[in-house]
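Chemist: Predicted model, plus sequence, below.
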Amino acid sequence: MAVSRLSLVFGAALLGFASNAFAFEKCDAETDAKKKEKCEATEAKQVAKLRKSTTPFKPSALDAKFAALDGDDKNPFNQDDYYVGNIETGSKSFDELAGSVARINAALTMARYADSLAKAGKNDEAKAVAADLIPVLAKLKDDVKAIKESIDKVKADPAAIVKDNPMALPKVAKALPGLLTTVVDAATGIPAAIKSVDTLAKGAGAAAVEMATDKAKDAASN
């Protein structure tokens, strides 16, 4: 599989606690067998490391419409190519914030998942995923701004968010840089993600999807 334009445009957004599946796509594009094998081994180790420190994000946490994908055998976020994980530091307050960052990663990853379904000829599945995803993406820009503000506050005073469990502070301090980087970079991926699902969602033929798509475009351009 060649690296898609979508991957190149918003690949940088999926950092922190998500699989760098774009690197897997780069491996697929490698023509030298030994280099491809080495590339895949490196990425497999990275995903294995993520799995040890996180639990797979549930699609229903992205939106209730994706609940049918929650099973481990159906969850795209439990696949190496699309892995998105939740971290647990022991501080409920911080873990909720980290979960909101994982949700941003999940939304962008789901856009790429829909794109891959279409490329595999699974057009009906791709359209269904895109139609349900477009309203989530329409709101994503506002979510990113609000979450970044929350992370900035935690960065200024990490101890404040771990009052429920002060022992979690070391883990929180370690996780903060990755969360912030993820949110900042995710903002650049929103327009590409919206464009990716735009055509697929319109293919669903629903007027409501058309309206949501237009709203998402407006949000991305402002």
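Modeler: Received, thanks. Numbering: from 1, shown residues only.
Chemist: For the rest of this, base every contact and every neighbour count on C-alpha atoms.
Modeler: OK.
Chemist: Low-confidence stretches in this structure?
Modeler: 1-25, 203-222 (pLDDT under 70).
Chemist: can you map out the helices along it?
Modeler: Secondary structure of the chain (DSSP state H): helices at 5-10, 21-29, 33-53, 59-62, 92-119, 123-156, 158-161, 169-202, 207-221.
Chemist: which of these sits most buried?
Modeler: Counting by mean count of other Cα atoms under 10 Å, helix 92-119 has the highest mean neighbour count of these, with a mean of 22.
Chemist: what's the angle from that one to helix 169-202?
Modeler: Here helix 92-119 runs at an angle of 30 degrees relative to helix 169-202 (axes from the mean of the first three to the mean of the last three Cα atoms, to 10 degrees).
Chemist: Output the contacting helices and strands for helix 92-119.
Modeler: In terms of contacts (3 or more Cα pairs under 8 Å, 6 or more residues apart in numbering; DSSP states H and E), helix 92-119 is packed against helix 59-62, strand 85-86, helix 123-156, helix 169-202.
Chemist: would CSV of the ones you listed with distance to residue 40 be doable?
Modeler: Listed next are those as CSV, based on distance: least, Cα to Cα, whole Å:
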stretch, distance to residue 40
helix 59-62, 26
strand 85-86, 20
helix 123-156, 26
helix 169-202, 23
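Chemist: Of those, which is nearest residue 103?
Modeler: Nearest to residue 103 among the helices and strands packed on helix 92-119 is helix 59-62 (5.8 Å), distances taken as Cα to Cα.
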